[in-house]
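Colleague: here is a sequence together with a model predicted from it:
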Amino acid sequence: MTELAIVEVFRELPDTRRTAGQRHSQALCLALLLTLAVAAGNRGFLAIGDWLKAYQEELIELFQPPKGRLPSYSTIR
């Protein structure tokens, strides 16, 4: 398995975003935002954005996003 299981599960969902809104994979966003950030107690976009910034290095190392970066607060919102 080359990907984390949590990302693999979310990859099976259809991506209904328009092409211009697909800078980051939907599976990565859902894994980071819906699962990890919320499970860590973050509620709301600002809190999730702050959490992503605080753990940016660890999350990039763990998830190895194709572009080497995580979604920003604006992307989350």
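Modeller: Structure received. Residues are numbered from 1 along each chain as shown.

Colleague: give me the helix or strand of this structure that scores worst on average pLDDT.
Modeller: Least confident helix or strand, the chain: helix 73-76 with a mean of 78, by mean pLDDT, DSSP states H and E.

Colleague: which strands or helices does the helix or strand hosting residue 29 pack on?
Modeller: Using DSSP states H and E, residue 29 sits within helix 26-29. Contacts defined by 3 or more Cβ pairs under 8 Å, 6 or more residues apart in numbering; DSSP states H and E place helix 26-29 against helix 5-11. Every residue, glycine included, has its C-beta placed from N, CA and C.

Colleague: in the helix it packs on, what's buried?
Modeller: 6-7, 10 (16 or more other Cβ atoms under 10 Å).

Colleague: using CSV, list the CA coordinates for the helix holding residue 29.
Modeller: The C-alpha coordinates for helix 26-29 follow below in CSV (Å, rounded to 0.1, in the frame of the first residue of the first chain):
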residue,chain,number,x,y,z
GLN,A,26,-10.4,15.7,-2.8
ALA,A,27,-9.3,12.6,-0.9
LEU,A,28,-6.4,14.5,0.7
CYS,A,29,-8.7,17.4,1.7
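
Colleague: check the offset of the helix or strand following that helix from the chain's centre.
Modeller: Downstream of helix 26-29, the next assigned helix or strand under DSSP H and E is helix 38-39. Distance of helix 38-39 from its chain centroid, counting by Cα atoms, centre = their mean, to the nearest Å, is 12 Å.
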